[in-house]
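**Q** fold the following.
(one chain, ligands or ions: 2)
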Amino acid sequence: MTSCDFDPADLAPHEPHHEPREYAGALPRWCPGCGDHAALNAVRQLCYDKQLAPERTVVVSGIGCSSRFPHYMKTYGFHGLHGRAFPVACGVKSRRPDLDVFVVTGDGDCCAIGAGHWIHALRYNMNLTVILLDNNVYGLTKNQTSPTTRLGERTNTHPSGAMVPPLNPLTVALGVTNTSFVAQTVDWLPWHVYSTIRAAYEHRGMSFVRILQRCPHFSAHVFDAPREDPSLLLGIEHADGIAIDPSRLNKLPNRIVHDPHNYDEARSIAAREDVYPVGLLYRDERAVCYDDFTSRGLSMTQAERQSAIRTAIDRFAI
Ligand SMILES: Cc1ncc(C[n+]2csc(CCOP(=O)(O)OP(=O)(O)O)c2C)c(N)n1
Ligand code: SF4
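**A** Ligands and ions are numbered 1, 2, ... in the order given. As a prediction, the model looks like this:
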């Protein structure tokens, strides 16, 4: 290089560019054909497309096959305790609102042992992207009835068939005060999984995405009907919803137009048992976000904090 080739602009910091491999953690140990792979691929793709900095991205999970997710991302991760993904994620978000936080949970993890935390996390509406991998069964512990197991399904805990009708995670989520984003997708339409997770990530507030997930070991047969007959899926379309790729319309031949701001209609679609709704059921951009409050004062110096505490205590001086 001659002296006249030198451009001082070359010394300016360049925008970081992350390669796809920078988001890929350990080799997934999920079974071949497990629907969890589709969610992992979609999240890795989203991170790459959005160029999320791996060191500013966190994946939090509980315990279960699905909860092994953080190991397979090369970001920060917290593989926590069964049912406890939400409090951990809310804690991270309350101290570090600048981080992108994903929560990955199973139907046992979220809807059984973690149900109390799930409900309050929905109400807190912190800026989290939540993925519920719902295979209708406890996979990791080998085939016990979960809250979403269908009536009559045989499992190790109910060998004669589940006796109580399943919980519907969509109607439960919609029933919680201050819920702001509820969507559903299916693992066998990976392009739709990606679009749904992307819309969820772009939503400010807690986005709750339920993915109907095949577990080839214990429960994949429960999704045979909508896989073999796509008209059993109900594609939800709207300009404010999740776009359906025009070249894939034949994969969702049965469609409705639904404005995701219409809460009553969202609830009635979520409760349908004749079809599987696929798309965005509900969105409320105006819902209160608890992290707007928990993040107050985070930029204060130590001295400013001490002074603020003294002032607050002095208010009670007699
Ligand atoms: C407190 C506690 N109770 C029970 C367990 C045992 N356990 C581990 S994973 C699991 C269920 C996992 O099912 P789910 O959340 O649906 O995830 P999947 O494995 O199907 O992805 C259970 C009961 C545990 N690890 N900790
Ligand atoms: S047991 Fe089921 S849920 Fe677990 S990894 Fe295998 S296929 Fe997936």
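
**Q** which stretches of the stretch 1-150 of the chain have low pLDDT?
**A** Counting by pLDDT under 70, the stretch 1-150 of the chain shows low-confidence ranges at 1-6, 8-14.

**Q** which stretches in it count as helices?
**A** Assigned by DSSP state H, counting those that start in this stretch, the stretch 1-150 of the chain shows helices spanning 36-49, 85-95, 107-108, 115-124.

**Q** next, format the ones you listed as TSV and append mean neighbour count.
**A** Using the backbone N, CA and C atoms, a C-beta is placed for each residue, glycine as well. Below are those laid out as TSV (neighbours: other CB atoms under 10 Å):
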stretch	mean neighbour count
helix 36-49	21
helix 85-95	22
helix 107-108	28
helix 115-124	20
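
**Q** how about those helices, which one is nearest ligand 2?
**A** Ligand 2 sits nearest to helix 36-49 of all the helices of the stretch 1-150 of the chain, at 5.4 Å, using CB to the nearest ligand atom.

**Q** returning to what we had before: output the helices of the stretch 1-150 of the chain in JSON lines, with distance to ligand 2 appended to each entry.
**A** Putting the helices of the stretch 1-150 of the chain into JSON lines (distance: least, CB to the nearest ligand atom, whole Å) gives the following:
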{"stretch": "helix 36-49", "distance to ligand 2": "5"}
{"stretch": "helix 85-95", "distance to ligand 2": "16"}
{"stretch": "helix 107-108", "distance to ligand 2": "10"}
{"stretch": "helix 115-124", "distance to ligand 2": "19"}
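
**Q** the protein against ligand 2: which residues are in contact?
**A** With CB under 6 Å from any ligand atom as the criterion, the chain meets ligand 2 at residues 30-31, 34, 36, 65, 135, 139, 215-218.

**Q** swap the cut-off to 5 Å and go again
**A** 30-31, 34, 65, 139, 215, 217 (CB under 5 Å from any ligand atom).

**Q** which of those residues count as buried?
**A** Using 16 or more other CB atoms under 10 Å as the burial test, those include 30, 34, 65, 139, 215 as buried.

**Q** show me which of those is closest to residue 79.
**A** residue 65 (11.9 Å; CB to CB).

**Q** need the nearest residue in space to the residue of the stretch 201-318 of the chain at minimum distance from ligand 2, chain neighbours excluded.
**A** Going by CB to the nearest ligand atom, ligand 2 is nearest to residue 215 of the stretch 201-318 of the chain, at 3.2 Å. In space, and not counting its chain neighbours, residue 215 is closest to residue 135: 3.9 Å by CB to CB, 6 or more residues apart in numbering.

**Q** could you measure the residue of the stretch 201-318 of the chain closest to ligand 2 against ligand 1, distance?
**A** Using CB to the nearest ligand atom, to the nearest Å, residue 215 is found at 6 Å from ligand 1.

**Q** same thing with residue 223?
**A** In terms of CB to the nearest ligand atom, residue 223 sits 14 Å off from ligand 1.

**Q** part of a helix, is that residue?
**A** Yes - per DSSP: H, G, I helix; E, B strand; the rest coil, residue 223 lies within a helix segment.

**Q** list the buried residues of stretch 217-237.
**A** Quick answer for stretch 217-237 (16+ other CB under 10 Å): 218-220, 222-223, 226-227, 230, 233-237.

**Q** how about stretch 306-318?
**A** Within stretch 306-318, judged by 16+ other CB under 10 Å, no residue is buried.
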